[in-house]
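Chemist: Below: sequence and its predicted model.
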Amino acid sequence: MRIKNFEQLAADERRKTALKIIEEGFNAIRTETAVRKAMQRFDRKIVLAGSEITVNQNSRVFLVSVGKCGVRAALEAEKILGELIYKGVVVDIYEGKFENPNIETYAGDHPFASERNISATRRLISLLSETTENDLVISFISGGGSALLCQPDNMTCVEEREVIDMMFKKGASIEKVNTVRKHLSLARGGYLAKYAFPAKVVSLIFSDVPGNSIEFIASGPTAFDSTSMSDAKRVIEEYGVSETYPFIEKALIETPKENRFFTNVTNTVIVSNSAMLAAMKEAAENLGYEAKIMTDKFSGHARHIGAGIANNLKSEKPDTFLLYGGESTVVVKGKGRGGRNQEIALSAMRFADDSDIIIAVASDGIDNGRFAGGICDAISIKHAAELNMNVWDYLNDNNSSGFFEKTGDFLETGPTGSNVADIVLAAHFNE
């Protein structure tokens, strides 16, 4: 099971049912499964996302895998492609172990860049620079790649961290954050495609961005960037970044705009939250419940989303599961610890009834800390009451992790090796 504390959490049948449904969702987005569906080998022919490519004797296959799915995707690709892989570089939040000695693996930091991210990215760029027009680059791109692909031109990783942290705390959307990120690194916003040119590049993408816009997933390292330095400057001005960090404007760089760098590039999303939501819907229906996928791209402030979902349940008939996918933001004004999914669940507790259950969870298992998410239901409300805990106090201090740590109503998965953004399950049961 992905949910390590499943047994401790499953204190009644309602919880047990909800957690089983979420488990089925996790099963549907396993990175290894997605890779096997998207990649097949027939001797020297490789099928990638439905397109057949013949690897000639004078061709070499380079493997690049970046993000929180990086190691798992590369390991599965190694099983499928075997000796066809000439060289590879994998950058994830942990290192992998590969049989092929020519596949290098590096661990970086997330959600903020570090010196080791810069070193790993430099090695990846060096690898791509070896390619020729006869070569094939297979690239796995997944969420977390933005922070990992750090290659500043006129700033330090510490300075980037300060800028991005400020934007996160002010509630900037992932699209706005990544618009700035693309213009702070020589490895984002299409730069990897430029380094690999004129080789053929096939990027297989794990989407963690609502709406699946390829250029914003991991800041689009192999995708043409439709934004400009001017767009990045506007975002910076919107959030007052340059007032606090005046160095930022001089650190901005333009992304590659020559179409020739992208003529041999194919970008394909191979898994997104739609797969997780569909599996959860099917699981709920197999258990005899009705289920609705409400959206696969929610956005906005976490506390508003939590309140809205709790209120939506009041107009639904009992024993109906409402399923949501997307990515929220948190405006940080307090000094507590927390994540956007835990904040959704905590916010929902202000309006939930005893017959409701709302679970918000990060598909990568990392909701800005050790916990993957939180549960709002009669049990967690009772736990809080027994401990004399005031939901508003914890919400206003942005201390959702502190809250759920005390009540024990948090989900713990560890890094899942998958990443399709966030999922919320909500249901109103018969009394």
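Modeler: Yep, it's here.
Chemist: any idea which helix is longest in the chain?
Modeler: helix 13-28 (DSSP state H).
Chemist: For it, which helices and strands make contact with it?
Modeler: helix 6-9, helix 273-286, strand 356-362, strand 373-377, strand 422-428 (3 or more CB pairs under 8 Å, 6 or more residues apart in numbering; DSSP states H and E). All C-beta spots, glycine's among them, are computed from the backbone N, C-alpha and C.
Chemist: And the pLDDT for E431?
Modeler: In this prediction, E431 carries a pLDDT score of 67.
Chemist: so where's the stretch 201-350 of the chain uncertain?
Modeler: Within the stretch 201-350 of the chain, not a single segment meets pLDDT under 70.
Chemist: in it, which spans are strands?
Modeler: 265-271, 290-298, 320-326 (DSSP state E, counting those that start in this stretch).
Chemist: Quote the end-to-end distance of stretch 50-67.
Modeler: Using CA to CA, to the nearest Å, one end of stretch 50-67 lies 23 Å from the other.
Chemist: Let's see the helix or strand encompassing I138 as PDB, backbone CA atoms only.
Modeler: According to DSSP states H and E, I138 maps onto strand 136-142. These are the backbone C-alpha positions of strand 136-142, laid out as PDB (Å, rounded to 0.1, in the frame of the first residue of the first chain):
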ATOM      1  CA  LEU A 136      17.900   9.600 -30.300                       C
ATOM      2  CA  VAL A 137      17.300  11.300 -26.900                       C
ATOM      3  CA  ILE A 138      14.600   9.800 -24.800                       C
ATOM      4  CA  SER A 139      13.600  12.200 -22.100                       C
ATOM      5  CA  PHE A 140      11.400  11.600 -19.100                       C
ATOM      6  CA  ILE A 141      10.100  14.900 -17.600                       C
ATOM      7  CA  SER A 142       8.200  15.100 -14.400                       C
END
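Chemist: Can you add mean neighbour count and give the helices and strands packed on helix 13-28 back as CSV?
Modeler: Formatted as CSV, those follow (neighbours: other CB atoms under 10 Å):
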stretch, mean neighbour count
helix 6-9, 15
helix 273-286, 20
strand 356-362, 28
strand 373-377, 29
strand 422-428, 25
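Chemist: Outline the domain layout of the protein.
Modeler: Segmentation of the chain into domains, based on automatic domain parsing, reads 6-28+274-428, 43-271.
Chemist: now could you export just the CA positions of stretch 362-379 as PDB?
Modeler: Output in PDB follows, covering the C-alpha atoms of stretch 362-379 (Å, rounded to 0.1, in the frame of the first residue of the first chain):
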ATOM      1  CA  ALA A 362      -0.300  15.100  -2.700                       C
ATOM      2  CA  SER A 363       0.200  12.400  -5.400                       C
ATOM      3  CA  ASP A 364       4.000  12.700  -4.900                       C
ATOM      4  CA  GLY A 365       3.500  12.000  -1.200                       C
ATOM      5  CA  ILE A 366       5.200  15.200  -0.200                       C
ATOM      6  CA  ASP A 367       2.900  17.900   1.000                       C
ATOM      7  CA  ASN A 368       5.700  20.400   1.800                       C
ATOM      8  CA  GLY A 369       7.000  18.000   4.500                       C
ATOM      9  CA  ARG A 370       6.700  14.400   5.800                       C
ATOM     10  CA  PHE A 371       2.900  14.200   5.500                       C
ATOM     11  CA  ALA A 372       1.100  13.600   2.200                       C
ATOM     12  CA  GLY A 373      -2.200  15.100   3.200                       C
ATOM     13  CA  GLY A 374      -4.900  15.300   5.800                       C
ATOM     14  CA  ILE A 375      -8.400  14.000   6.700                       C
ATOM     15  CA  CYS A 376     -11.400  16.000   7.600                       C
ATOM     16  CA  ASP A 377     -14.200  13.900   9.100                       C
ATOM     17  CA  ALA A 378     -16.100  13.300  12.400                       C
ATOM     18  CA  ILE A 379     -13.000  11.500  13.800                       C
END
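Chemist: what's the most buried one of the strands of the stretch 201-350 of the chain?
Modeler: strand 320-326 (a mean of 23; mean count of other CB atoms under 10 Å).
Chemist: now what about that one, what contacts it?
Modeler: 18, 21, 210, 273-274, 276-277, 280-281, 284, 289-299, 305, 309, 312-313, 316, 420-428 (CB atoms under 8 Å, 6 or more residues apart in numbering).
Chemist: Can you give the strand pairings for that strand, parallel or anti for each?
Modeler: Applying DSSP bridges to the sheet, strand 320-326 is found paired with strand 290-298 (parallel), strand 422-428 (antiparallel).
Chemist: Just put the ones you listed in CSV and tack on distance to A218.
Modeler: Below are these laid out as CSV (distance: least, CB to CB, whole Å):
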stretch, distance to A218
strand 290-298, 17
strand 422-428, 17
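Chemist: Quick check: the nearest residue to R370 once chain neighbours are set aside vs E13, distance?
Modeler: Spatial nearest neighbour of R370, chain neighbours left out: E412 (6.8 Å); criterion: CB to CB, 6 or more residues apart in numbering. Distance check for E412 against E13: by CB to CB, to the nearest Å, it reads 21 Å.
Chemist: ok, now which ones touch K68?
Modeler: 92-93, 110, 142-144, 364, 366, 415, 417-419 are the contacts of K68 under CB under 8 Å, 6+ apart.
Chemist: Centre of the chain to stretch 304-322, how far?
Modeler: Averaging C-alpha positions (CA atoms, centre = their mean, to the nearest Å) puts stretch 304-322 25 Å from its chain's average.
Chemist: follow-up on the earlier one: which residues are contacting the following helix or strand past the longest helix of the chain?
Modeler: With elements assigned by DSSP H and E, the helix or strand that comes after helix 13-28 is helix 31-38. Residues outside helix 31-38 that contact it (CB under 8 Å, 6+ apart): 48-49, 69, 72-73, 75-77, 80, 140, 142, 204, 206, 268, 270-271, 417-418.
Chemist: Next, the angle strand 265-271 makes with helix 31-38.
Modeler: 130 degrees (axes from the mean of the first three to the mean of the last three CA atoms, to 10 degrees).
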